[in-house]
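Colleague: Quick check, what structure comes out for this input:
(one chain, ligands or ions: 1)
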Amino acid sequence: MWCIRQTDTRQNAAMPQQMDLASLKWWRFDAYEIRAGYIRPALGAKLMDYNPWIEYNKNRTPSDQSPRRVPYHSLLELVSTLFAQPRLTNDGEKLLLDWCVRHGLLGVLLQRTSFLTLAARWVPLPKIPGLKRIGPKSSKGLVASYTQVARSNTGWREDWSLIGEFGISKSEWAKRKEGRPLSLGAMKELGVVPSVHLQELDHFKWGNEPLGKTWARFFPDVPSSEAETYDYPLPSTPEFWRQYAEPVESFLGAARILYNSYKELEAAKHFHEPSELERILIRQGWDRLNALLSAVSPALHVRNDWTFEQVWVPASLLGAYAMMLLTDLDEQAPILRCLVCGTIFTSISPKAKYCSTKCRRTQQKRANRERKKK
Ligand SMILES: [Zn+2]
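Modeller: Numbers count the residues shown, from 1 in each chain. A predicted model of the protein is given here:
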């Protein structure tokens, strides 16, 4: 429901969508806690979805020179406050949790994942016309099946495959029980390896690894003995969010990548030839931001009135924020800090110094007082 073209965004935000892209939504709980190093929903917390692009597009017109506050600015402020302290204090934790209540988790795992294969397990024989029996007569209506999940430009796609009788040993058949995974040895023989394809957050490096290594770290309630074979919920579903948690260090590390890319790209100034050091910084920021943007894809969206529009679908909130930063950079709207209150904002006005009329007036009053003293 969002669009990076600036022209008709107000109209879009107000219009209900017929072919709504679920992936433009993000999820948040109304309460979070930090437990054993994880940011996770508090007990009994309520899950809700929202669209961060509505806030981004609010009051946004191409020629408007007034200061703009957009959702990713609050993350940049959070990072600069928390990293100004040597360690995460109680006050810091409170700031972090308050931020999550307003915006949700960053979705670090979803930002990194492109494809995963879940463990094969015994499931009831699906009702497919003509498919009467897979496996021996004694299969009790159970069949071995595995699920693969891929990220697409319109959300996460699930695909499951049945495993026929051939290749499954008698001992494995004997252990069949609804929901039980096949043993890792049996899966290996069948060529089904529970694994995930991940990208590094801030550079272009990919790798395939077992679910127990990185993936399982985001599901603290899954026993370590089941890390490879657990029946993980489909990404970005309500069930997924109830089980997913973000290690504090993963959240802060990811937020810092966005923060660093913005700081590094700041070295580029209009009408100014960058020094050698500035060039290195710009190159680093360019690399980091593009790595985050590689999890954002274009998609076709059909509006309510059957006209078409181009939308950009991010894999995570972090990806959405990278896209918002890109849009601001594309508009040559620098990220500024208010001289009075320190709030981060953007403006396309070359003279902008304050985040709001209130701060501009505060500054005027201060200046007047100074003059009177003299
Ligand atoms: Zn201010």
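
Colleague: Give the burial count for residue 312, as a bare number.
Modeller: Using other C-beta atoms under 10 Å, residue 312 has 21 other residues around it. Backbone N, C-alpha and C define where each C-beta goes, glycine included.

Colleague: and the residue of the stretch 101-250 of the chain nearest the ion?
Modeller: Closest residue of the stretch 101-250 of the chain to the ion, C-beta to the ion: residue 102 (18.9 Å).

Colleague: so who does that residue touch?
Modeller: 28, 74 (C-beta atoms under 8 Å, 6 or more residues apart in numbering).

Colleague: Tell me if I am right that it is in a helix.
Modeller: Yes. Applying DSSP: H, G, I helix; E, B strand; the rest coil, one finds residue 102 inside a helix.

Colleague: And the residue of the stretch 151-300 of the chain found nearest the ion, its phi and psi?
Modeller: Closest contact between the stretch 151-300 of the chain and the ion, by C-beta to the ion, is at residue 262 (18.4 Å). Main-chain torsions, residue 262, degrees, to the nearest 10: phi -70, psi -40.

Colleague: contacting residues around it?
Modeller: Per C-beta under 8 Å, 6+ apart, neighbours of residue 262: 76, 285, 325, 335.

Colleague: That one and residue 82, how far apart?
Modeller: 16 Å (C-beta to C-beta, to the nearest Å).

Colleague: What of residue 296?
Modeller: Residue 296 is 26 Å from residue 82, where distance means C-beta to C-beta.

Colleague: Quick check, residue 184 in contact with residue 226.
Modeller: No. Using C-beta atoms under 8 Å as the test, residue 184 is too far from residue 226 to be in contact (11.3 Å).

Colleague: show me where pLDDT drops low in the stretch 51-200 of the chain?
Modeller: 59-63, 126-140 (pLDDT under 70).

Colleague: quick one: the helices in it?
Modeller: Secondary structure of the stretch 51-200 of the chain (DSSP state H, counting those that start in this stretch): helices located at 52-57, 71-82, 90-103, 108-112, 170-174, 184-190.

Colleague: quick one, which of those helices is nearest to residue 141?
Modeller: helix 170-174 (13.3 Å; C-beta to C-beta).

Colleague: Would you mark the buried spots in that closest one?
Modeller: 172-173 (16 or more other C-beta atoms under 10 Å).

Colleague: same question, stretch 239-248
Modeller: Buried residues in stretch 239-248 (16+ other C-beta under 10 Å): 240-241, 243-248.

Colleague: Stretch 65-84 now?
Modeller: 67-79, 82.

Colleague: Stretch 207-216 too?
Modeller: Per 16+ other C-beta under 10 Å, stretch 207-216 contains these buried residues: 211-212, 214-216.

Colleague: export these to CSV and tack on secondary structure?
Modeller: Converted to CSV, the buried residues of stretch 207-216 look like this (three-state DSSP):
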residue, secondary structure
211, coil
212, coil
214, coil
215, helix
216, helix
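
Colleague: What's the local residue count around residue 314?
Modeller: Counted with other C-beta under 10 Å, residue 314 comes out at 26.

Colleague: is it in a bridge, and if so with what?
Modeller: Note on residue 314: beta-bridge partners residue 296, judged by DSSP bridges.

Colleague: now it: how far from the ion?
Modeller: 29 Å (C-beta to the ion, to the nearest Å).

Colleague: ok, now which ones touch that residue?
Modeller: 23, 295-296, 320, 322-323.

Colleague: go with 6 Å
Modeller: Shown in contact with residue 314 (C-beta atoms under 6 Å, 6 or more residues apart in numbering): 296, 320, 323.

Colleague: What's the local residue count around the residue lying closest to the last one once chain neighbours are set aside?
Modeller: If I follow you right, that is residue 323. Nearest non-adjacent residue to residue 323, counting by C-beta to C-beta, 6 or more residues apart in numbering: residue 296, 5.1 Å away. As a burial measure, residue 296 scores 18 neighbours (other C-beta under 10 Å).

Colleague: same thing with the one 3 residues further on?
Modeller: By other C-beta under 10 Å, 16 other residues sit near residue 299.

Colleague: Report the secondary structure state of it.
Modeller: Assignment for residue 299 (three-state DSSP): strand.

Colleague: With residue 325 as the reference, measure out to the nearest residue to it once chain neighbours are set aside.
Modeller: Closest residue to residue 299 apart from its sequence neighbours, by C-beta to C-beta, 6+ apart: residue 153 at 4.4 Å. Distance, residue 153 to residue 325, by C-beta to C-beta: 20 Å.

Colleague: Equivalent analysis for residue 52, please.
Modeller: From residue 52 to residue 325 the distance is 13 Å (C-beta to C-beta).

Colleague: cool, and residue 370?
Modeller: Counting by C-beta to C-beta, the gap from residue 370 to residue 325 is 36 Å.

Colleague: what about these two, which has more around it?
Modeller: residue 325 (23 against 9).

Colleague: Now the helix or strand where the more buried one lies: average pLDDT?
Modeller: Per DSSP states H and E: residue 325 is located in helix 317-330. Helix 317-330 shows a mean pLDDT of 92.

Colleague: For the residue of the stretch 51-200 of the chain found nearest the ion, which non-adjacent residue is closest in space?
Modeller: In the stretch 51-200 of the chain, the residue that lies nearest the ion is residue 67 (8.3 Å; C-beta to the ion). Of all residues not flanking residue 67 in the chain, residue 345 sits nearest, at 4.3 Å (C-beta to C-beta, 6+ apart).

Colleague: Could you list everything the one you found pairs with in the sheet?
Modeller: Residue 345 has these beta-bridge partners by DSSP bridges: residue 336.

Colleague: So it sits against residue 66, correct?
Modeller: No. Assessed by C-beta atoms under 6 Å, residue 345 is found out of contact with residue 66, at 9.5 Å.
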